[in-house]
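Visitor: Let me see the structure of the following:
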Amino acid sequence: EAPFCAPLSTTSIQVRWNAPMIPNGVIVRYELLVNNESPQNLGMSLEFVVSRLLPYTMHKFRVRACTAVGCGTSEECATYTKEAAPAGLSEPNIHPQSSSVLAISWSAPATPNGIIKSYTLEGKMKDQKFEVIYIGNG
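Guide: Numbering: from 1, shown residues only. The predicted model follows:
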């Protein structure tokens with residue numbers, strides 16, 4: 001049986017599991033494997049919050065139930081951490097086309113931290129408030 005995994009935030013995921021229905025001995029500890037890396041010993045806990053993860057990143061989890069003789073491994077659960085605001089935005093490139101027309105281009109964020117659904121371009125004239133000029137997907 002796979003553990004239950006659910007994102008709590010942009011950097012943490014909760015993993016919960018049940019004791020095995022047929023333990024084949026006395027369970028002495030549980031271990032958590034995150035992304036198939038070395039297992040973490042969790043003692044007898046049936047849940048754990050994995051933190052210090054990156055936003056909107058897929059993580060895979062397996063739990064091992066261990067007796068004094070060996071460990072049995074669960075099926076896998078997988079989930080993404082929650083999305084965060086994009087990071088690594090660069091300034092837009094402005095190319096004058098005429099005295100009244102500008103061509104404006106930009107690059108995607110270096111670290112999207114999720115799915116970019118749209119871009120909003122704001123601009124202002126001297127001594128005025130910023131106004132939305134463009135909303136779109138590219």
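Visitor: Pull the distance from the lowest-mean-pLDDT helix or strand in the chain to the chain's centre.
Guide: With mean pLDDT, DSSP states H and E as the measure, the helix or strand of the chain carrying the lowest mean pLDDT is strand 131-136 (a mean of 87). Once both centres are worked out by Cα atoms, centre = their mean, to the nearest Å, strand 131-136 turns out to sit 28 Å from its chain's centre.
Visitor: bridging residues for P7?
Guide: According to DSSP bridges, the partner residues bridging P7 are I13.
Visitor: And it, how close does it get to P92?
Guide: Using Cβ to Cβ, to the nearest Å, P7 is found at 32 Å from P92. The way it works is simple: take the backbone N, C-alpha and C, and place the C-beta from them, glycine included.
Visitor: Those two: which is more packed in?
Guide: In this comparison of P7 against P92, neighbours counted by other Cβ atoms under 10 Å, the higher total goes to P7 at 18 against 13.
Visitor: just the helices in the chain please.
Guide: When assigned using DSSP state H, the chain turns out to have no helices.
Visitor: for it, what spans make up the strands?
Guide: Counting by DSSP state E, the chain forms strands over residues 4-7, 13-16, 29-34, 40-41, 47-50, 58-66, 71-73, 77-80, 93-96, 102-105, 119-123, 131-136, given from the N-terminal end onward.
Visitor: quick one: E47 and A19 touch, right?
Guide: No - judged on Cβ atoms under 8 Å, E47 makes no contact with A19 at a distance of 11.9 Å.
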